[in-house]
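Participant: for reference, the sequence and a predicted model appear below.
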Amino acid sequence: MAANPFTYTKAVVCGIPASLPATALRMEETDEPVDLGKARQQHEDYLQVLTELVGEVHVIPTDERYPDCVFVEDPVVVCGDTALITIPGHESRRGETVAMKEAMEKIGLKIVEMLDPGRMDGGDVLFTGKEFFVGQSQRTNKHGLQQLAAAFPNFPVTGIPVREGLHLKSFLSMATPNHIAMGSSSAALDAKQLIETEGKFKYSYRYLQVPDDIGANCLYINGTIVHANNETFPKSCKVFEKFVDADVKAKIALSASEVNKVDGCFTCCSVLIN
Ligand SMILES: CN(C)C(=N)NCCC[C@H](N)C(=O)O
Ligand SMILES: [Zn+2]
């Protein structure tokens, strides 16, 4: 019998390089600089939660050459026993795939490497447990989508245009095996509509809509939801706190305020393996 896709036994993370505050990619220059010490403390808290929830966490050594290396979700897509090593959409991130491939080999996953002209950031890949939705964004192209479909032939794949925001998961993520957490921007609403019209399982999902797009990015790990806390996204946090579902055993609120400033969020900072 196939394993429950949301039961994880391992995670992969990477630390925060000192080069992140000044040189990580960001969509908009915010006035607020990233506080490196605070970012590392928040990442420590995140690591501790992951360790409690999955047990085994592999840490890729921080690499100063890659200011965005903490966002390990982007150079790989893991589903079942296969790791698809992507060609990240931004050139400055392509070198991150070397350490990721090594980590995936060490864990014993079957490696598939994306080929040119495929481009993909894992942040554009939403796996619902029964199908994939793949953001067609500035980072992920149709060749990337086709190669993902070939790497994971057991699951249908549907493209979703991402016209605003960085990645598909910048406004959508799985809150339970049946619920998609979504923000309230037009990008999030358009994506929901496409899931309902183009997805293979269309109306089988329920939605947990929160006011903030980045506040919708959460993790669902072994029955626990990890979501944004009251200091970072108070209104979205409240929606998660009130949410009750038979598939949710516990909730943990964390802050990712510092990586949020460079367009990162919770899903970006780990690769979950089951
Ligand atoms: C779901 N998301 C948003 C991600 N998987 N990745 C975030 C990457 C942020 C990085 N500064 C960049 O621009 O690449
Ligand atoms: Zn993210």
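Facilitator: Looks like it came in fine. Numbers count the residues shown, from 1 in each chain. Ligands and ions are numbered 1, 2, ... in the order given.
Participant: show me what contacts the closest residue to ligand 1 within the stretch 1-150 of the chain?
Facilitator: In the stretch 1-150 of the chain, no residue comes nearer to ligand 1 than residue 123, which is 2.4 Å away by Cβ to the nearest ligand atom. All C-beta spots, glycine's among them, are computed from the backbone N, C-alpha and C. Taking Cβ atoms under 8 Å, 6 or more residues apart in numbering as the contact definition, residue 123 lies against 71, 73, 74, 135, 139, 166, 167, 168, 169, 170, 267, 268.
Participant: 10 Å - rerun?
Facilitator: Residues near residue 123 by Cβ atoms under 10 Å, 6 or more residues apart in numbering: 71, 73-74, 88-89, 135, 137, 139-140, 162, 165-170, 173, 217, 263-265, 267-268.
Participant: which of these are close to ligand 2?
Facilitator: Near ligand 2, taking Cβ under 5 Å from the ion as the test, the members of these found are 265, 268.
Participant: among the contacts of residue 123, which are in strands?
Facilitator: Among the contacts of residue 123, the residues falling in strands (DSSP state E) are 135, 173.
Participant: buried members of the contacts of residue 123 into PyMOL, please.
Facilitator: Selecting just the buried residues from the contacts of residue 123 in PyMOL takes one command, with 16 or more other Cβ atoms under 10 Å as the test:
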select buried, resi 71+73+74+88+89+135+137+139+140+162+165+166+167+168+169+170+173+217+263+264+265+267+268
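Participant: sorry, back to before: not counting residues beside it along the chain, what's closest to the residue of the stretch 1-150 of the chain closest to ligand 1?
Facilitator: Closest residue to residue 123 in three dimensions, ignoring its sequence neighbours and counting by Cβ to Cβ, 6 or more residues apart in numbering: residue 167, at 3.3 Å.
Participant: and if you look at residue 161?
Facilitator: Counting by Cβ to Cβ, 6+ apart, residue 136 is the residue found nearest to residue 161 once chain neighbours are left out, at 5.1 Å.
Participant: tell me the buried residues in stretch 63-74?
Facilitator: For stretch 63-74, a neighbour-count test (16+ other Cβ under 10 Å) marks 63, 66, 67, 68, 69, 70, 71, 72, 73, 74 as buried.
Participant: near ligand 1, which residues of the stretch 151-274 of the chain?
Facilitator: Where proximity means Cβ under 6 Å from any ligand atom, the interface of the stretch 151-274 of the chain facing ligand 1 comprises 166, 167, 169, 170, 262, 263, 264, 265, 267, 268.
Participant: can you redo those as CSV with pLDDT?
Facilitator: Listed next are these as CSV, based on pLDDT from 0 to 100:
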residue, pLDDT
166, 96
167, 98
169, 98
170, 98
262, 96
263, 96
264, 97
265, 98
267, 98
268, 98
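Participant: so which of these sit within helices?
Facilitator: Mapping those onto helices (DSSP state H) picks out no residues; all lie outside.
Participant: thinking again about what came up before, the residue nearest to residue 161 against residue 142, yeah?
Facilitator: Yes: counting by Cβ atoms under 10 Å, residue 136 does reach residue 142; the two are 6.6 Å apart.
Participant: so what touches stretch 243-253?
Facilitator: Under the criterion Cβ under 10 Å, 6+ apart, external residues in contact with stretch 243-253 comprise 6, 45-46, 49, 52-53, 175-179, 181, 206, 208, 210, 218-233, 237, 240-241.
Participant: now do 8 Å
Facilitator: Applying Cβ under 8 Å, 6+ apart, the contact partners of stretch 243-253 are 49, 175-179, 208, 223-230, 237, 240-241.
Participant: please apply the same query to stretch 196-214.
Facilitator: For stretch 196-214, contacts defined as Cβ under 8 Å, 6+ apart pick out 128, 130-131, 133, 156, 158, 160, 165, 170-171, 175, 178-185, 187-188, 192, 195, 216, 228, 233, 235-236, 239-240, 243, 260, 265.
Participant: endpoints of it, how far apart?
Facilitator: Distance between the two ends of stretch 196-214: 22 Å, counting by Cα to Cα, to the nearest Å.
Participant: buried stuff in it?
Facilitator: By neighbour count, and taking 16+ other Cβ under 10 Å as the criterion, the buried residues in stretch 196-214 are 199, 205, 207, 208, 210, 212, 213, 214.
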